[in-house]
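Visitor: my questions concern the predicted model and sequence given below.
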Amino acid sequence: MSVSDHKIRFAKKLRKNMTEAEIILWNALRARRCHRLKFRRQVPIAWYIVDFLCMEKSLVIEVDGGIHDDQKQYDKEREEDLHARGYKILRFTNEQVLHNLRDVLHTINEAPLSWEGDLRWKERGRG
């Protein structure tokens, strides 16, 4: 089995085992429900698997649970690598998605189509 085959199988497994927050956000994003943008879930990019991806905006959306408290350095390096590949990242906590979905979707909608060099948008979803 190749590395890409392994990533694809792992992504499929993640799709079947989404967290409650990921399911709620996916239901709001799927089928172009969020501002007519097409999103995919659990998408392999390089050696990572991102929670949600909108190719039209080169936008990665990550939903963070408690495990991310223990892997801040890894997340930082991963974001830097994805950014270098041309992706923009919005990161939300499970609590934001579960308790304030409307604001999460508004933040996603406000993400500009071109963020070239504008790292402040990467932090917009945090809070």
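Guide: Okay, I see it.
Visitor: so where is this protein shaky, pLDDT-wise?
Guide: Flagging of the chain using pLDDT under 70 yields the residue ranges 1-3, 5-17, 66-71, 112-127.
Visitor: all the helices of it, residue numbers only.
Guide: Secondary structure of the chain (DSSP state H): helices at 3-16, 20-29, 72-84, 94-99, 101-110, 120-124.
Visitor: contacting residues around the most centrally placed residue in the chain?
Guide: Central residue of the chain (CA atoms, centre = their mean): residue 61, 2.0 Å from the mean position. For residue 61, the contact set (CB atoms under 8 Å, 6 or more residues apart in numbering) comprises 25, 29, 39, 50-54, 89-92, 108, 125. Backbone N, C-alpha and C define where each C-beta goes, glycine included.
Visitor: again with residue 94
Guide: Taking CB under 8 Å, 6+ apart, one finds 19-21, 63-65 in contact with residue 94.
Visitor: most surrounded residue in those?
Guide: Ranked by neighbour count (other CB atoms under 10 Å), these have residue 63 at the top, with 26 neighbours.
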